[in-house]
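Visitor: Please find the sequence and the predicted model below.
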Amino acid sequence: QVPLVESGGGLVQAGGSLRLSCSASGGTFSYNRVAWFRQAPGKDREFVAAIRLSSGSTYSADSMKGRFAISRDSAKNTVYLQMNSLKPEDTAVYYCAGRRGLGGSYYRSDDYDYWGQGTQVTVSS
């Protein structure tokens with residue numbers, strides 16, 4: 001069973017918006033932090049944003065600040081990624097990742113233990 005489940009991806013025109021959702025397959029988040037990463041064809045996996053679930057503190061890639069925002073709904077056990085002003089270069093598979101332990105980097109994919117299967121985001125020009 002995949003520990004995390006993403007939804008909300010799809011095809012959108014440049015300048016449009018999408019909101020991705022990440023939920024725990026068991027229904028309850030038991031993570032210290034949850035992050036979004038993305039991977040475009042032929043490229044390395046790239047950090048997008050992360051959130052510490054207890055405090056709501058957020059961390060974002062500089063290149064996406066002002067366009068992307070991560071948030072959480074504790075009652076719904078869901079983490080969101082709101083993406084605005086989308087560009088064709090945002091086209092990628094977007095993954096949700098979780099880490100239960102403290103420490104490590106918010107920005108490194110290697111420091112996350114649990115992953116979803118990803119959701120495709122395609123931005124047309």
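Guide: Done, it's in.
Visitor: and the residue nearest to K76 when sequence neighbours are not counted, what is it in contact with?
Guide: Distances taken as CB to CB, 6 or more residues apart in numbering place S23 nearest to K76, at 7.6 Å, with adjacent residues excluded. No exception for glycine: its C-beta is placed from N, CA and C like everyone else's. If you count contacts by CB atoms under 8 Å, 6 or more residues apart in numbering, S23 has them with 4-5, 7, 76-79.
Visitor: Filter those down to the buried ones and hand me the PyMOL line.
Guide: To isolate the buried ones among the contacts of S23 in PyMOL, judged by 16 or more other CB atoms under 10 Å, type:
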select buried, resi 4+5+77+78+79
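Visitor: ok, of the contacts of S23, which one's closest to G66?
Guide: V79 (19.5 Å; CB to CB).
Visitor: thinking the closest one is in contact with A49, fair?
Guide: No: with contact defined as CB atoms under 8 Å, V79 does not reach A49; the gap is 9.5 Å.
Visitor: so what's in contact with these two at the same time?
Guide: By CB under 8 Å, 6+ apart, the residues touching both V79 and A49 are 36, 70.
Visitor: got the contact list for the most centrally placed residue in the chain?
Guide: Centre of the chain computed as the mean C-alpha position; nearest residue by CA atoms, centre = their mean is W36, 2.2 Å away. W36 makes contacts with 20, 22, 48-50, 70, 79, 81, 94-97, as judged by CB under 8 Å, 6+ apart.
Visitor: Need the three-state assignment for the residue lying closest to it once chain neighbours are set aside.
Guide: Leaving aside its sequence neighbours, W36 sits nearest to V48 (CB to CB, 6+ apart; 4.1 Å). Counting by DSSP: H, G, I helix; E, B strand; the rest coil, the backbone at V48 sits in strand.
Visitor: now, among the contacts of S23, which is nearest to F29?
Guide: Closest to F29, out of all of the contacts of S23 and judged by CB to CB, is N77, at 4.9 Å.
Visitor: Just to check, the closest one is in contact with T28?
Guide: Yes: N77 lies in contact with T28 (CB under 8 Å); the separation is 5.7 Å.
Visitor: Thank you, goodbye.
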